[in-house]
Each structure stands twice: as C-alpha cells, then as structure tokens.
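# can you look at this prediction? I've put the sequence above it.
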Amino acid sequence: MQELSQTAFLVAATLKVLAVFAGVMGVVALLTLLERRIAAFIQDRLGPNRVGPFGILQPVADGLKNFLKEETMPATAAQPYFLLGPLLSLVPALVTFAVIPFASPLPTPWGVVDMIVADVPIGILYILALSSLAVYGVVMGGWASNNKYSFLGGLRASAQMVSYEVALGLSVVVVLIVAGNVTLTEMVWRQQQMGLWFAFPLSLAFILFVISAFAETNRLPFDMPEAESELVGGFHTEYSGMKYAMYPMAEYAHMLTSSALMATLFFGGWDIPFWRGDDAFRHEGIWIQGFDGEGSPVPAVLAWWKTILTFGSFAVKTSFFILLYMWVRWTVPRFRYDQIMQLGWKVLLPTALAYVMVVAVTVLSLDTVGVPYGFVWGAILTMVSALCTAVFLWVVDRGRILSGAAYGLRERYRIQARTLGREAVTPFGVGGSGTTA
Amino acid sequence: MAESYVPLLILFALSGATGLGFLAISHILNPRRPTPQKDMPYESGMIPLGDTRARFPVKFYVVAISFIVFDLETVFLLPWAVQARELGWGPFLAVALFVVVLAVGLIYEWRKGGLEWE
C-alpha cells in the first residue's frame, strides 16, 4: 500500500471537502425538518408532512421561501456588522467538521485515503478555536440590531458561552491526558487500543462535556440568548429572510459537529465495538492494527467494506447524540439566567478542575505501578471515574433530580400533613406524621 | 505536514463563498418595500425609548475577566496534558500548584460575591 502521490492527495482532498461540505449542508437541512417532526412526535401531533413524502422536501421549500422574503433592517442598525453577524456564525460552523475522522481508511488503487478532510496536527484545538468564534456572530448580530432585546440577548449569549467554554476546555484536557495527542485520529486509535471507549474511563468528563456542549450550542435548556418568552427573539429579533436562516443553520451545523465530537471523543468515533478487525492507525508511515506481544506492529487489513461499516457506526453514534439534543430540547424547560451562570462557575468549573487532578493522579499512579495501557488500565480508571461521577451526581442532585418528581410530591404531602397536624395520606401509601421516613 | 492544511483552505473558501452567496442571492431576489414602521427596531410594538447603547450590568465584565483567567489556565494545561504521562510526577506537582493557586482565586471571587447573579 503505497503513499498517495501529490496529485492523488489533492484530488482526494478536493473530493473529500466537497463530499463533507455537501454532507454537512444536507444533514443541516434534514435536521431542521427532523427537529419539527420530533417536536410534533413528542407533543403528539403530526408536524410538517405535506411537502414531498414524509415532508422530506420541507427544507427546500423553507429555503426558497427564505430567499424570496423581504429582509428588514432597522434604520438605526449598524449595517456592516448587521451583515457580518450571520456570516461569522455560519462560516465557522461549517468548517469545524473538517478534523473529525468519520470512517476507517479507504484503500484505493492510488494509495490509502484516510477518511478525514484534514488530518491536521492541531486536531481538537482547531475545533475549540473555531467554535469559540461562534460567539462573535451572536454578539455582533445582537449589538448591530440596535434593539434592546437583541442587545440583551447578545450580552447574555456572550457571558453564557464564555462561561461554559472553560468547563468544555477542561473536560477536553482530561481526554488529552489519557489520549496523549490532540489529533482526533489518534484519540480514536487510543480508544481502540484500550478496548474501552473513553465514556467509561472518563465518565465525569463525558457528563461535563455534554452539558457544556449543550450550553455552547445555545440549545435548550441553555437557550438563554434566544429566550423567546423573555426577549422576543433574542439576538436575531431583527433578522428576517435568509439572514435569519443563517443563524439556525449555524446552530444545526454546530449541533452536528458537537454530536460527532461526543461520538469521537467518548464513544470511539468510527470504531465498531467488540471487533478488532476495523482498527487502523498510521504509525511511522504504515497502517497498523496494533502491536503484538513483542511490541512489533501488526499491519492493518483495510477494505472498502470496512470503510462503509465504520462510517455506519460513526453515523449511528452521531445520530444518537443529535436525537439526544432534540429529545432534551422538547423535554426540559429553560433555566433561569442566574441558575445557568451558577451551574457554569460554581458547579462545572470546580468539578472539572478537581477531576483533571484526580485523573492525572490515577494515570500517573498506574504508570508508576507499571500497569500497561490496555483494558485493565482502563478498567481501573473506570472505577475511579465511576466513584467521581457518583459523588458529583449525589452532591449536585441532593434528592431533586435522580429521585424524580415523586420525591418532591411526597415531601409536599408530608409538609401538608405536618401543618394540618395529622397523618400524611399520600399516593405512595400512608406514611409517618410529617417526619422524614 | 503543512500540506495537510490545504483541504482546510479549500473548505474555508467554499464555506465563505456559500455564506456570501446566501447574502447576495437573497439581496437580489427579495422585494424591498420599506416603511417608517418597518424600519423601526421591534420592541414588542412599542416605539423604542432611549438609547440601546446604554449602560449594562458590570457583572458581564466580571464574567469576561474570570473567563480570561480560567480559559488561559486551560490553555496552559493543554500542553502539559498531552505529555502528562511522559513527564511524570515532577511536572504534575508544578501543574497541581498552578491549579491550586487558581482554585484559591476562584474561591476568593466566590466569597466576594463575584459569581452571584440577582
């Protein structure tokens, strides 16, 4: 399996760019429909189903309508920034997907083509850098509109995104300690080598990452910048037509990228579980599957059908997280603004800092003792992390979420009984006279 | 290694062109019939009072400063995290000291009420 020649590399790169760009745009269009269909499903109604089979052409109709709508702009708006806002939102959102590997390498007659747009050495730093640009589009749009609601929306957005970026960055630091490299291809490889996806040995980092990613993409329950019941439309109140449509497009593109990122960082990326045959990594110029007992590399067996299968695995994992995003949006109500800021600074940040230290100590201890990197190594880390997660959930919950609504109801009956001075009769049975059982 | 950035350039150009294209096409296609009411900022149907560029709570400024401190901390942690296993215990202790110093800063800000929102 020879290296790609210069020309072949450029041709392959162009093809991959076009395919991924078209894929991202297509998925974004479908997500706008999927969101409404899922909302309808959760709220027990039909949703858009008139345009084409199952409403599949609805995004096309929406797009056309947006192009033909009159665009308004307040006379007092700052025009250049008003135009720049949506642009600054959309462009970074569309390019972040480039460093995520989406399938195992494809062997072609001209050489092996890795299934990633750009395997740049900066890897995840590229994603962190570009996704934090998203806040500029929001702030600029809100400020330029010269509308008090937009302005407030923009301010809130900047404070919120900035607060959660810290926790997001720190949860990535935890992954880097174990992965030992910033490229996502190597992270997938490390998970394949461990035989455990990082969601298990780094469970608390996964939880922190999911929460922060929800806040970063401004999705419910963190959709403070929009908060349509308080701020009309938030930062995009004054936007209409295609300029408006670019904001939701950016949001869906961010959603797609962060879902893919969750799948890659914590769920093995394109790895197929319980099967070593798909493992492949470029080690000193050759594609290897792993190392044998003596530490010499075992060459990887690449095949086109493996590429297709691993892409399927990646797509399933990513879709799961996209569905999770939508499911949460239509299930959980919006936080109050002070609650959001408190969660970011007083809960997520200290937890992330402490967890970085715990993982570092565990990893270094394991290396000092001499446990080789592999399943046992991961299993010990899993136990430590499970303990951290349990403590975190117990402290954060304090009998509110995990115990469910029934807990609150039971408490209410107890208090009622205590004030009336008689035995509590609850749907959960007759229990104590107002004392905690 | 530099050649691995070439696809990124192509993607940037493509995305930028798409964004500009959206703005241009809708600018050409959409009708424009402005009225004084339409050109007014929409503040729930009220005629806007006062200036939007008014003063806003200093809290946002405090959050921005805290963000710079802790995001820089993350940036400093990143290079260590990548090499953590090769570097071993010595550098870990240095990093731990660094984290403790910043944690004390966080506690101080917390106690001073810098993280409160009323």
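Noted; the coordinates are in hand.

# low-confidence ranges, chain B, go.
Scanning chain B for pLDDT under 70 picks out B:1, B:118.

# how's it carved up into domains?
B:2-39, B:58-111 (automatic domain parsing).

# could I get those as a markdown table with mean neighbour count and distance to A:A118?
Where C-beta positions appear, they are placed from N, C-alpha and C, glycine not excepted. Shown next, in a markdown table, are the domains of chain B (neighbours: other CB atoms under 10 Å in any protein chain shown; distance: least, CB to CB, whole Å):
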| stretch | mean neighbour count | distance to A:A118 |
| --- | --- | --- |
| domain B:2-39 | 15 | 4 |
| domain B:58-111 | 15 | 19 |
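
# can I get these in CSV with distance to chain A?
Shown next, in CSV, are those (distance: least, CB to the nearest CB, whole Å):
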stretch, distance to chain A
domain B:2-39, 4
domain B:58-111, 4
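
# whichever strand or helix holds A:M161: what's the following helix or strand?
Assigned by DSSP states H and E, A:M161 belongs to helix A:148-179. Heading C-terminal from helix A:148-179, the first helix or strand you meet, by DSSP H and E, is helix A:184-194.

# now do that following helix and helix A:148-179, the angle between them.
Helix A:184-194 and helix A:148-179 are oriented at 50 degrees to each other (axes from the mean of the first three to the mean of the last three CA atoms, to 10 degrees).

# average pLDDT for helix A:184-194?
The predicted model assigns helix A:184-194 a mean pLDDT of 88.

# in the stretch 251-400 of chain A, where is pLDDT below threshold?
A:398-400.

# and the residue of it closest to chain B?
Distances between the stretch 251-400 of chain A and chain B by CB to the nearest CB are smallest at A:D338, namely 3.5 Å.

# what about that residue, neighbour count?
By other CB atoms under 10 Å in any protein chain shown, the residues close to A:D338 number 13.

# which residue ranges make up the domains of chain A?
A:6-403, A:406-437.

# the longest strand in chain A is where?
strand A:286-291 (DSSP state E).

# on that earlier part again, pick the most buried one from the domains of chain A.
domain A:6-403 (a mean of 20; mean count of other CB atoms under 10 Å in any protein chain shown).

# please name the residues that touch the residue nearest to A:I100 when sequence neighbours are not counted.
Counting by CB to CB, 6 or more residues apart in numbering or on different chains, A:A260 is the residue found nearest to A:I100 once chain neighbours are left out, at 5.0 Å. Each residue near A:A260 by CB atoms under 8 Å, 6 or more residues apart in numbering or on different chains is listed here: A:97, A:100, A:102, A:314, A:318, A:321.

# and A:G154, by the same measure?
A:G154 sits in contact with A:138-143, A:225, A:234-235, where contact means CB under 8 Å, 6+ apart.

# try B:P7
Counted by CB under 8 Å, 6+ apart, B:P7 has contacts A:13-14, A:16-17, A:98, A:117-118.

# cutoff 10 Å now
B:P7 makes contact with A:9-10, A:12-17, A:20, A:98-99, A:116-120 under the criterion CB atoms under 10 Å, 6 or more residues apart in numbering or on different chains.

# likewise for A:F235?
A:85, A:89, A:137-145, A:147, A:149-158, A:218, A:225-226, A:247 are the contacts of A:F235 under CB under 10 Å, 6+ apart.

# could you redo the last one with a cut-off of 7 Å?
Applying CB atoms under 7 Å, 6 or more residues apart in numbering or on different chains to A:F235 gives the contacts A:138, A:141-142, A:150, A:153-154, A:157, A:225.

# where exactly do the helices run in the stretch 251-400 of chain A?
Applying DSSP state H, counting those that start in this stretch to the stretch 251-400 of chain A gives helices spanning A:304-329, A:337-342, A:349-369, A:375-397.

# just checking, the residue of the stretch 251-400 of chain A closest to chain B touches B:W117?
Yes. Under the criterion of CB atoms under 7 Å, A:D338 makes contact with B:W117 at 3.5 Å.

# compute the distance between the nearest residue to A:L309 once chain neighbours are set aside and A:T310, please.
Among residues not flanking A:L309 along the chain, A:I272 sits closest, at 6.3 Å (CB to CB, 6+ apart). As judged by CB to CB, to the nearest Å, A:I272 and A:T310 stand 6 Å apart.

# overlap of the contact sets of the two?
With CB under 7 Å, 6+ apart as the test, A:I272 and A:T310 both reach A:D278.

# gap between A:L4 and chain B?
According to CB to the nearest CB, to the nearest Å, A:L4 stands 10 Å off from chain B.

# my guess is that residue contacts A:G111. True?
Yes. Counting by CB under 7 Å, A:L4 touches A:G111, with 3.9 Å between them.

# name the helix or strand for residue 20, please.
No chain was given, so I picked chain A. Using DSSP H and E, A:V20 falls in helix A:6-42.

# correction: the question concerned chain B.
helix B:6-29.

# off-centre distance for that helix?
23 Å (CA atoms, centre = their mean, to the nearest Å).

# so what's A:W287 bridging to?
A:R282 (DSSP bridges).

# quick one: contacts for it?
Contacts of A:W287 (CB under 7 Å, 6+ apart): A:1, A:105, A:112, A:280, A:299-300, A:302.

# farthest-apart pair in these, please.
Greatest spacing in those, by CB to CB: A:P105 and A:P299 (12.3 Å).

# show me which of the contacts of B:P7 neighbour chain B.
By CB under 7 Å from any CB of the partner chain, the members of those lying near chain B are A:9, A:13-14, A:16-17, A:98, A:117-120.

# how about residue 12, nearest residue that isn't a chain neighbour?
I went with chain A, as the question did not name one. Counting by CB to CB, 6+ apart, the residue nearest A:A12 is A:V113, at 4.9 Å.

# sorry, I should have been clearer: chain B.
A:V95 (5.8 Å).

# check A:K69 too.
Looking at A:K69 with CB to CB, 6+ apart, the closest residue is A:G241, at 4.0 Å.

# can you confirm B:E73 is in a helix?
Yes. Judged by DSSP: H, G, I helix; E, B strand; the rest coil, B:E73 forms part of a helix.
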